[in-house]
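Colleague: Can you look at this prediction? I've put the sequence above it.
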Amino acid sequence: DFGRKIRFIHLPRKCTVRIYTVAGEIIATLGYESPPDDPDEGQLDWRLVSESKRPLASGLYVFSVESPLGTQYGKFVVIR
């Protein structure tokens with residue numbers, strides 16, 4: 001896997017990040033809570049593997065960031 005990862009940045013202090021295929025199938029659910037010693041860190045690394053521990057295939061993926069502030073959506077591409 002060569003240590004490939006994606007970094008989500010500027011996250012709210014507590015949130016849930018969900019990654020989906022473009023067909024809407026959930027790939028992973030990641031919880032984030034900022035560390036007490038750095039409450040404004042807002043970064044979460046993800047190793048590009050599904051919840052079933054399988055590496056992601058090349059393609060387009062959608063993510064959501066859900067928090068008490070609301071929900072934001074984005075997308076990213078994996079090229080292997």
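Modeller: Yep, that arrived. Numbers count the residues shown, from 1 in each chain.

Colleague: which one is the spatially most central residue of the chain nearest to, not counting chain neighbours?
Modeller: In the chain, the C-alpha nearest the mean C-alpha coordinate belongs to Val17, at 4.9 Å (CA atoms, centre = their mean). Nearest residue to Val17 in three dimensions, chain neighbours excluded: Leu30, at 4.4 Å (CB to CB, 6 or more residues apart in numbering). Using the backbone N, CA and C atoms, a C-beta is placed for each residue, glycine as well.

Colleague: any idea which element the one you found lies in?
Modeller: Following DSSP states H and E, the helix or strand that holds Leu30 is strand 26-33.

Colleague: Strand partners (parallel or antiparallel) of the helix or strand that that strand is followed by?
Modeller: Following the chain from strand 26-33 toward its C-terminal end, the next helix or strand by DSSP H and E is strand 44-46. With DSSP bridges as the test, strand 44-46 is paired with strand 6-8 (antiparallel).
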